[in-house]
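Novice: I'd like to go over a predicted model; first the sequence, then the structure.
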Amino acid sequence: MNRFFGFVKKEFQHIFRDVRTVVILFGLPIVMIVLFGFVVTTEIRDVKVGIWDRSMDPTTIKATQKIFSSGYFVPAGYLHSEKEIGALFRSGSAKVVVVFEEDFERNLLRENRAAIHLITDASDANSAQLSLNYLQGVLMNFFKTLNPDRALPWTIHMKSRMFYNEELKGVYMFVPGLMALILMLISALMTSVTITREKEFGTMELLLASPLKPREIILGKVMPYVLLSFVNAGTIILLGFLVFNVPVVGSIWLLLLECMLYITLALSLGVLISTSARTQQMAMFMSMLGLMLPTILLSGFIFPIDNMPRILQWLSAIMPARWFIVVVKNIMLKGTGFAFIWKETLILLGMTLLFILASVKRFKIRLS
Amino acid sequence: MGGMRILATLLVKEFKQIFRNRTMLPIIFIVPVVQMILLTYAASLEMKDIKMAVVDQDYSQASRLLISRFQGSPYIEINLNTTDYQEAVRELTRDRVDVILLMPHDFEKNLYREQQSDLQLVVNAINATEAGLINSYCTRILNDYNNQLRSEWFGLEGSGGIKSLEVIPRFWYNALFDYKIYMFSGILVIIVTLIGMLLTALNLVREKEMGTTEQINVTPIRKYQFLMAKLIPFMLIALFELAFGLVIGRLLFGLPIEGSVGLLFLFTCIYLFVVLGIGLFLSTISNTQQQLMFLAFFFMITFMLMSGVFTPTNSMPPWAQKINVINPVAYFMNVIRRILLKGSAFGDISREFYSLLIYATIILTLAITNYRKTT
């Protein structure tokens, strides 16, 4: 046992000696959560709007003022011809162009209706739709004030309630995914690279020739990463709570237990990769392409699984992160208990056993 | 003339080494294709089917009429009809529905008596983007219905003195909201960057770690020859990858190529100078492949997320937009989409072009001076 602890201590020293990697290991979750919390947002802000006012009457001028005082839009200049619209879009200086028709106010007074064209650069389809919706809302509100004396008859009002995330913060979606990603990165990627490195440099032979059992060597190798992973999981939960007010509605103990399970799964995957990779480069690319990319893409981290084609939905079922994310969302955000997540937990447990068995089977004591 | 010959020999050696490596070939040829196809299909933020639960507590003609409006929409799939609100909430918790439409008691009575009525929409908002889209989509359906109600009431004779506004939206460049072509152009950027930055740097550090750099250092090969021989192959591979990607995008996804292909490649070359420079710089400050991978991963993911690949850079807070001044991926992401989707010409992208040119000069100078032949 003493020998084993000595080995674990050596492994710790090995990692912490390399200051730069340690800084990145601890810094990565912090930077990522800040990025996802503040930067990756689809909120509508400062959309550049060009105005082509063919009427230039008091109403259109007032409507223009209303658009720019709403806080969502910034002026991108005034146009005088249709040709300028394309130029504005191509140089990226406007996303939407508002066109007031000729004799706007006169039409409004005489015929009680007038038209506004909203021309949108839809090369980015989602933001185009969202900005259009906002713009429409602002304009509608303005024109309601033109009929001040009466409420619009025959109106059904819709009150929307946003469950689990009242303020529609993007970070709610990303915290569970980020945990899945970072735990996978540290546990699987780091483990696979470290073990392969020993193999590539031939030091694995030395270790195997030592009185340590192969089981102890592998356990000793993965131990530091278990700890690192836990620290990182804690950082993410804590930062999410302190900076973005992402709550842990359910039981924190259950959450930590599930984290433990997922970390074990990722570590066994890392060991499995290292048993089949010969060089560090191979291990890296196998982890990057086989684990990181699918974890980002197919787990429902950023992109909803429901939107994917059938084949990818099936493929996503074999991604451990997919199940882990469901578990974390349920515990953290919805506050549900074990009754809602036992199925996912069972799947994760099954996968873990499978990976451990496979790597035990593939692990060779004799190299080359 | 001797200099050129040495360079040529070194280039032959590098190419041989790259193509001999059995892990490299799939990485260059197969992985990008898989990425392009997989990513484009998987990375979709477009709204497809909204799963809805309807809780109709009024059960009147008016409520049914409105529900049929939602039912008629191609994007909404009603999964549950109930009068029990709690049951609907349970389904929401289980992720079986995305949104609950709740028609309260007296929905019809209020509508006919007061000409105003309320209904409630409950959205699962864990995914804020999706929730926002669902909400605005449902609002649009309701607004249409309101307008129809009013025009039925007032008949054809006009609007009863109510001034109304006709908003006519038009969507340029992508009227069908095809998210795939938007995403695909972004993925091209990711692939070119990955090869330019990561593979170059890995290659350099590998030699350093293995000690073979030392062997080259004792030969009369000059620093610039060695570095050029290291950078040129990956530059060519990255350019090849772009051409390859354009063909795949064109054939598989109908990617429009509105602008000039020549301009796109010219811009890509400048961009690659920057990315290779960063790769070289990262390789000078790391000693092992593991260190480098973490550094590169860190930079790549930060640059990528901030570049506007998924979300518009305009929505980012001011400090992030300031950081984006030094983010080469953001320039390229912006320009490639403008050239491909909107047909921007040189005049439209000249500011980005010159910015990257200056950037390339700075980063390459920095990286080359930082690179020491002697360790």
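Specialist: Cool, the structure landed.

Novice: tell me the contacts of the closest residue to A:Leu168 other than its chain neighbours?
Specialist: Using CB to CB, 6 or more residues apart in numbering or on different chains and skipping residues adjacent in sequence, the residue nearest A:Leu168 is B:Ala128, 4.2 Å away. (Glycine included, C-beta is placed from N, CA and C.) B:Ala128 makes contacts with A:Thr42, A:Asn165, A:Leu168, A:Lys169, A:Gly170, A:Tyr172, A:Met173, as judged by CB atoms under 8 Å, 6 or more residues apart in numbering or on different chains.

Novice: where do the helices sit along the stretch 1-150 of chain B?
Specialist: With helices called from DSSP state H, counting those that start in this stretch, the stretch 1-150 of chain B shows them at B:2-20, B:24-42, B:61-71, B:85-93, B:107-114, B:128-154.

Novice: Can I get the ones you listed in CSV including distance to A:Glu258 and mean pLDDT?
Specialist: As requested, these are exported to CSV (distance: least, CB to CB, whole Å; pLDDT from 0 to 100):
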stretch, distance to A:Glu258, mean pLDDT
helix B:2-20, 43, 82
helix B:24-42, 25, 78
helix B:61-71, 37, 89
helix B:85-93, 18, 88
helix B:107-114, 43, 87
helix B:128-154, 24, 80
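
Novice: want to try CSV for these, with distance to A:Lys95 as columns?
Specialist: Shown next, in CSV, are the helices of the stretch 1-150 of chain B (distance: least, CB to CB, whole Å):
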stretch, distance to A:Lys95
helix B:2-20, 42
helix B:24-42, 23
helix B:61-71, 30
helix B:85-93, 34
helix B:107-114, 38
helix B:128-154, 17
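
Novice: need the helix or strand of chain B with the lowest average pLDDT.
Specialist: strand B:164-172 (a mean of 72; mean pLDDT, DSSP states H and E).

Novice: residues making contact with it?
Specialist: With CB under 8 Å, 6+ apart, strand B:164-172 has contacts from A:85, A:89, A:112-123, A:125, A:128, A:132, A:136, A:139-140, A:143, B:177.

Novice: do stretch A:211-223 as well
Specialist: A:3-4, A:7-8, A:10-12, A:187, A:191, A:194-195, A:207-208, A:267, A:270-271, A:363, A:365.

Novice: Under the pLDDT cut-off, which ranges of the stretch 251-375 of chain B? List them.
Specialist: B:373-375 (pLDDT under 70).

Novice: In strands only, show me the contacts of strand B:164-172.
Specialist: The strands, defined by DSSP state E, take in A:Arg113, A:Ala114, A:Ala115, A:Ile116, A:His117, A:Leu118, A:Ile119, A:Thr120, A:Asp121 from the contacts of strand B:164-172.

Novice: circling back to that earlier point, and the very next helix or strand once past the least confident helix or strand of chain B, which residues are buried?
Specialist: For strand B:164-172, the following helix or strand on the C-terminal side (DSSP states H and E) is helix B:179-193. Buried residues in helix B:179-193, defined by neighbour count with 16 or more other CB atoms under 10 Å in any protein chain shown: B:179-193.

Novice: Which elements pack onto helix B:179-193?
Specialist: helix A:125-144, helix B:24-42, helix B:223-248, helix B:261-285, helix B:289-306, helix B:328-337 (3 or more CB pairs under 8 Å, 6 or more residues apart in numbering or on different chains; DSSP states H and E).

Novice: give the contact list for B:Ile28.
Specialist: B:Ile18, B:Ile195, B:Ile237, B:Glu241.

Novice: oh, I was asking about A:Leu255
Specialist: A:Ile237, A:Val248, A:Val328, A:Ile331, A:Met332.

Novice: Return the member of those nearest to B:Thr369.
Specialist: A:Ile237 (43.4 Å; CB to CB).

Novice: Do you know the pLDDT at B:Met1?
Specialist: Per-residue confidence (pLDDT) for B:Met1: 53.

Novice: just to revisit the earlier point, for A:Leu312, which of the helices of the stretch 1-150 of chain B is the nearest?
Specialist: Of those, nearest to A:Leu312 by CB to CB is helix B:24-42, at 5.4 Å.

Novice: So which bits of the closest one are buried?
Specialist: B:Met24, B:Ile27, B:Ile28, B:Val31, B:Pro32, B:Gln35, B:Met36, B:Leu38, B:Leu39, B:Thr40, B:Tyr41, B:Ala42.
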